[in-house]
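Novice: Using only what follows, build the 3D model:
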Amino acid sequence: MDLLNNFWHLFLLSAPWLMLGLFIAGLLNVYLPANFLNRHLGKEGLWTTVKAAFIGAPMPLCSCGVIPAAIGLRRAGASKSATTAFLVSTPETGVDSVSVSYVLLGPFMAVIRPIAAVCSAIMAGVLVGKDSELHQHQNTASDEKDSESTSCCSSKQPEPVTTSSCCSKEAPPKPEQSCCSKQTPKEPESVKTTSCCSTEQSSKAVESRFSKLKRAVNFSCNKLLEDTMIWLMIGLFFAALVQTYVPESYLSQWGNGILAMLVVILISIPMYICATASTPIAAGLLLSGVSPGAVLVFMLAGPATNIATLGVVGKELGKRAVFAYLIGVIGTALAFGFLTDYLVAQYGFVVAPMMGEEHEVLPHWLSLGAGIVLAILMLRLLLKMVLKKSSQTGKSIA
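Specialist: Down below sits the predicted model:
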């Protein structure tokens, strides 16, 4: 019974942020020009990764909300490194989590936390981008090897291709041209100056804002939600398991050092928690004796390495990218964990939780309403999937 209660509580906490993330992803898909993403986030590289990390850092989205937003970025043309940086920096920090960190953990943690999150995002993005470039280079080399036996100037040439206008019934055939010829055929003047269907295209060029908003909502509530809801439920279930059967006192027995950080990482991976919600837990861990460095590792690894995020990374970016993602996030978290313990011990920075009454980020009625709407949308998609599968089974039997 406690497991179900914790699962429902986590679902309600996640629902508003997931709905916000879905809506942002839909708006990105419809309103954001493709050339903008291609120009700023479309190339692999350090500068692109840095821009994506800083774009995602202040956004108030948690683990559940960033998944559909990152998928929307990727499918709109963002590179793997930029998508990864956005996927890491957004849930690890945000304007809301920084303010909560200042209240519950003190100014030092409020400063070092966003710095560590941005560095973690950049490192993970660079590693995923390098892995992608290496994999692409290997595929290109194999393709070139396969194509060495064929030449554009071989004795066998393809049949001449005839082209036709989209508006006319007949069109003159395109003249044959060898790829080795020195002369290039000139295009007819009519092709250069006018479009064959200019009147039809101009009539459909203007689209109302309402229809664009409708398309964004339709994309969010159908395609994106269908792609993320399975991993969402898996992540929430594992989070409920950890919350129900792994008490905080279990973590406090490890104290500090590398062992404490590794245990915190193992515990945080199945957890489905956002940066803001992880802060009160971090304050409780501090009170129970866990070192500030291990607490920072928990706040970095928990939001960025949960089961749902890893599943989406493997699906959208490739299985090889999952290992680069984990190495970048966990390696940077451990480095900043040791740095935090060193700075606290060497310079006497105060990391003191100010535990008072429980802080509720959103009102209960909003979480409950968003949870009911999200549950209805998921049940609707599940029903459509079942009906579609049953219809396909009936056709195959017939």
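Novice: And G129, how far from A321?
Specialist: Remark: distance between G129 and A321 (C-beta to C-beta, to the nearest Å) = 9 Å. Heads up, the C-betas are built off the backbone N, CA and C, glycines and all.
Novice: Now the common contact residues for these two.
Specialist: Jointly contacting G129 and A321 under the rule C-beta atoms under 8 Å, 6 or more residues apart in numbering are 80, 84.
Novice: Flag the shaky bits of the stretch 101-250 of the chain, pLDDT-wise.
Specialist: 132-207, 228, 231, 235, 239, 242, 246, 248-250 (pLDDT under 70).
Novice: P16: how many residues sit nearby?
Specialist: 23 (other C-beta atoms under 10 Å).
Novice: Now it: which helix or strand?
Specialist: In the assignment (DSSP states H and E), P16 maps to helix 2-31.
Novice: Count the neighbours of the residue lying closest to N222 once chain neighbours are set aside for me.
Specialist: In space, and not counting its chain neighbours, N222 is closest to L381: 7.2 Å by C-beta to C-beta, 6 or more residues apart in numbering. If you count neighbours by other C-beta under 10 Å, L381 ends up with 16.
Novice: got it, and the one 5 residues further on?
Specialist: Here the number of neighbours of V386 (other C-beta under 10 Å) works out to 10.
Novice: State the distance from it to L22.
Specialist: V386 is 22 Å from L22, by C-beta to C-beta.
Novice: ok, now I372?
Specialist: Counting by C-beta to C-beta, the gap from I372 to L22 is 15 Å.
Novice: Between these two, which is the more surrounded one?
Specialist: Remark: of I372 and L22, L22 carries more neighbours, 27 against 12, as counted by other C-beta under 10 Å.
Novice: who's in contact with the closest residue to the more buried one other than its chain neighbours?
Specialist: In this structure, L22 finds its nearest non-sequential neighbour in S220, 4.1 Å apart by C-beta to C-beta, 6+ apart. Neighbour list for S220: 22-23, 25-26, 68 [criterion: C-beta under 8 Å, 6+ apart].
Novice: Do I have it right that V344 meets F338?
Specialist: No. With contacts counted by C-beta atoms under 8 Å, V344 stays clear of F338, the gap being 11.0 Å.
Novice: Find residues that contact each of these two.
Specialist: G293.
Novice: Looking at the two now, which is surrounded by more residues?
Specialist: Legend: neighbour count by other C-beta under 10 Å for V344 and F338, higher for V344 (18 against 15).
Novice: tell me the pLDDT at the more buried one?
Specialist: Here, the pLDDT recorded for V344 equals 92.
Novice: ok, now the one 3 residues further on?
Specialist: With respect to pLDDT, Y347 scores 90.
Novice: before we move on, back to that, what's the closest of the contacts of S220 to A82?
Specialist: For these, the closest approach to A82 (C-beta to C-beta) belongs to A25, at 15.0 Å.
Novice: How about the contacts made by that closest one?
Specialist: 68-69, 71-73, 219-220, 224.
Novice: Report the contact partners of V98.
Specialist: 110, 113-114.
Novice: Among these, name the ones in helices.
Specialist: Counting by DSSP state H, the part of the contacts of V98 found in helices is 110, 113-114.
Novice: Which one (most neighbours) among the residues you listed?
Specialist: Neighbour max across these (other C-beta under 10 Å) = R113, 26 neighbours.
Novice: That one reaches M299, doesn't it?
Specialist: Yes. Counting by C-beta under 8 Å, R113 touches M299, with 6.3 Å between them.
Novice: so what's in contact with the two at the same time?
Specialist: Contacts common to R113 and M299, judged by C-beta under 8 Å, 6+ apart, are E92.
Novice: ok, back up a step: does the residue nearest to L22 count as helix, strand or coil?
Specialist: helix (DSSP: H, G, I helix; E, B strand; the rest coil).
Novice: Please tell me how far it sits from Y102.
Specialist: Distance from S220 to Y102, by C-beta to C-beta: 33 Å.
Novice: go on, T309?
Specialist: 26 Å.
Novice: Comparing these two, which residue is more hemmed in?
Specialist: Neighbours per residue, other C-beta under 10 Å: of T309 and Y102, the larger number sits with T309, 26 against 17.
Novice: any idea which element the more buried one lies in?
Specialist: helix 307-317.
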